[in-house]
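Q: take this sequence and fold it.
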Amino acid sequence: MVEKILLVKLILMLTMVIMALEFAMGKLHRVGDKYGWNPNVNYSEWSSHQQFYVGDWLIFNFDKHYFNVLEVNKTSYENCNDQSFIQNITRGGRDVVELTEARPYYFLSSGGYCFHGMKVVVNVEIPQVPAPAPVKNGSPSSNAGSYMVLLILLSTAVAYLVLFILDAIVD
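A: Have a look, this model is predicted:
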């Protein structure tokens, strides 16, 4: 029975860790969605439907034998100039980059593919904390953060309740 208690403790702790990681980690954006990083895809249209925040990640999926991903400045982006890139993101065709600053990021593929639409600008913002709701009749305000705290506290309470019941069963 001790093994069951340890297993329940482990599962509950892992659940709480996963919840905390999901809250702390940014979103993963697949560049081009189902089309990936390929010629003749409208990446301006794709990026216009996304919200990018500091801490988010981009994943570029492509055939590394033909394409690459270079981060460039605005002028190089506008002119499809791949000569003076900031960094080469390319590693293996499923390449990930973290968006660490609130600024525009410019990416393109070299070898002339930029002229076939393989370029994207990503405007990264600082996540905005929602303003507290107005207080009505002395009730506290609520926002997403307080719901997360409530969820964590509730999970902890449930974990202790389960452990209490299991201890009672063992005795």
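
Q: gap between Gly111 and Tyr66?
A: Here Gly111 is placed at a distance of 8 Å from Tyr66 (CB to CB, to the nearest Å). No exception for glycine: its C-beta is placed from N, CA and C like everyone else's.

Q: count of residues packed around the closest residue to Phe52 other than its chain neighbours?
A: Of all residues not flanking Phe52 in the chain, Val124 sits nearest, at 4.6 Å (CB to CB, 6 or more residues apart in numbering). Applying other CB atoms under 10 Å, we find 19 residues neighbouring Val124.

Q: where do the helices sit along this structure?
A: With DSSP state H as the criterion, the chain has helices at 2-24, 43-48, 74-79, 144-170.

Q: for the third one, packing partners?
A: In this structure, helix 74-79 packs against strand 104-108, with contacts taken as 3 or more CB pairs under 8 Å, 6 or more residues apart in numbering; DSSP states H and E.

Q: run through who's touching the strand it packs on.
A: 31, 58, 60, 69-74, 76-77, 80, 82, 89, 97, 99, 114, 118-124 (CB atoms under 8 Å, 6 or more residues apart in numbering).
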